[in-house]
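[1] whatever this is, show me its structure:
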Amino acid sequence: MDSKKISGSSTAQSTHERPTLKTIAFMTGLGITTVSRALKDAPDIGAETKQRVRMVARQLGYHPNRAGVRLRTGKTNVIALVLSMHEDIMGFTSQIVFGISEVLAGTQYHLVITPHSLSKDSLVPVRYILDTGSADGVIISRTEPNDPRVALMHDRGMPFSTHGRTDMGIVHPFHDFDNEAFTHEAVQALVNKGRRRLALLQPSSKLTYYSHTRIGFQAGLRQYGAEEIPLGITTDNTLADIKDTVEALMRSPHAPDGFICSSSGGAIAVNAGIEAAGFRLGRDIDMVAKQSTDVLSWIRPDIIAASEDFRHAGRELAKAVIARIDGVEPELLQSISPPVWSNG
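    Purely as a prediction, here's the structure:
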């Protein structure tokens with residue numbers, strides 16, 4: 001009777017044991033090395049074998065033991081995404097995470113999001129990742145022209161990619177949106193509607209894409225004969241501040257007749273300020289704005305919208321950092337997306 005209890009207990013325990021590569025090898029009739037290489041998407045393993053191994057791994061609920069992987073290889077199989085906790089109401093965070101996750105789903109890598117506050121040193125989360133060895137690669141956003149995070153990761157040999165470019169002489173992987181083309185084409189679109197007194201809700205001057213935004217805007221003003229009405233705030237201001245500033249400007253003798261907005265959330269706040277001052281979009285004034293989804297166009301069809309695909313950006317950033325981990329040269333891992341116009 002005792003032996004039966006012991007045997008039953010052992011059987012119960014075995015059914016709850018964590019599945020391993022050995023378990024998958026037994027279930028598929030393959031060698032452990034073949035199973036391991038199939039899960040890592042090794043090029044010398046056939047597609048049918050990979051599919052069979054992955055199907056069995058999913059059915060068993062297999063997940064690699066990260067501690068064991070790290071001990072054997074020195075790798076964590078983690079990609080860290082460092083994101084600011086800056087207000088985001090129009091999907092930047094979710095879309096870029098979706099894009100990264102789509103790429104990582106076919107690899108051994110897992111995504112870990114590391115948040116940080118704009119009011120604190122942006123080096124802190126990156127330095128923590130480097131000092132603890134908690135990731136094999138890093139993706140950062142809100143890239144600055146002379147970004148200390150880029151310098152630190154470059155010096156420490158950490159594979160990384162950036163959402164946005166730098167201007168510091170370091171060749172590194174990046175994906176960016178063509179903000180220069182966006183503002184230049186935005187000025188043209190507004191002038192085509194008879195608007196010539198234009199206000200720009202631009203990004204913070206700390207960020208690299210501020211200069212790209214300004215260059216395109218000023219070139220457009222010169223080419224199409226428009227003038228700038230200074231706004232005095234940026235997309236880093238709170239939505240309430242943007243709304244109040246726009247309302248006051250629209251009530252002043254120097255009111256613009258056109259707005260260009262570098263963010264979807266900012267565009268909603270600008271529109272609220274316009275309406276609070278008693279004006280109507282599409283009748284008294286026109287607006288061009290970037291959007292990451294079609295929601296902005298649904299809310300305000302009169303807005304001339306250019307799409308910035310953050311999901312695509314996430315995919316490009318993930319592919320770039322993985323390729324960098326694999327030793328691909330950084331100059332081959334740089335891409336820029338053009339604006340895609342939805343209307344106007």
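[2] where does the prediction get shaky in the stretch 151-300 of the chain?
    Scanning the stretch 151-300 of the chain for pLDDT under 70 picks out no residues.
[3] now do the helices in the stretch 101-250 of the chain.
    Taking DSSP state H, counting those that start in this stretch, the helices of the stretch 101-250 of the chain run over residues 123-132, 148-156, 179-192, 208-224, 239-250.
[4] so which residues of the protein form strands?
    For the chain, strands defined by DSSP state E occupy the ranges 78-84, 110-116, 137-140, 160-163, 174-177, 197-201, 227-228, 258-261, 286-291, 304-307, 334-337, 340-341.
[5] ok, the residue most central in space within the chain - contacts?
    Among the residues of the chain, the one closest to the centroid is Ile96, at 3.7 Å (C-alpha atoms, centre = their mean). For Ile96, the contact set (C-beta atoms under 8 Å, 6 or more residues apart in numbering) comprises Leu81, Ser141, His163, Phe310, Arg311, Ala313, Gly314, Leu317. Any C-beta I mention is one placed from the backbone N, CA and C, and that applies to glycine too.
[6] which of those residues are buried? Put it as a PyMOL command.
    Buried subset of these, written as a PyMOL selection, criterion 16 or more other C-beta atoms under 10 Å:
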select buried, resi 81+141+163+310+311+313+314+317
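[7] out of the helices of the stretch 101-250 of the chain, indicate the one that is most buried.
    A comparison of the helices of the stretch 101-250 of the chain by mean neighbour count, using mean count of other C-beta atoms under 10 Å, puts helix 179-192 on top with a mean of 22.
[8] so how far is it off the chain centroid?
    24 Å (C-alpha atoms, centre = their mean, to the nearest Å).
[9] which strands or helices does that helix pack on?
    strand 197-201, helix 208-224, strand 258-261, strand 286-291, strand 304-307 (3 or more C-beta pairs under 8 Å, 6 or more residues apart in numbering; DSSP states H and E).
[10] how about these in a markdown table, adding distance to Gly133?
    Converted to a markdown table, the helices and strands packed on helix 179-192 look like this (distance: least, C-beta to C-beta, whole Å):
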| stretch | distance to Gly133 |
| --- | --- |
| strand 197-201 | 41 |
| helix 208-224 | 28 |
| strand 258-261 | 41 |
| strand 286-291 | 37 |
| strand 304-307 | 38 |
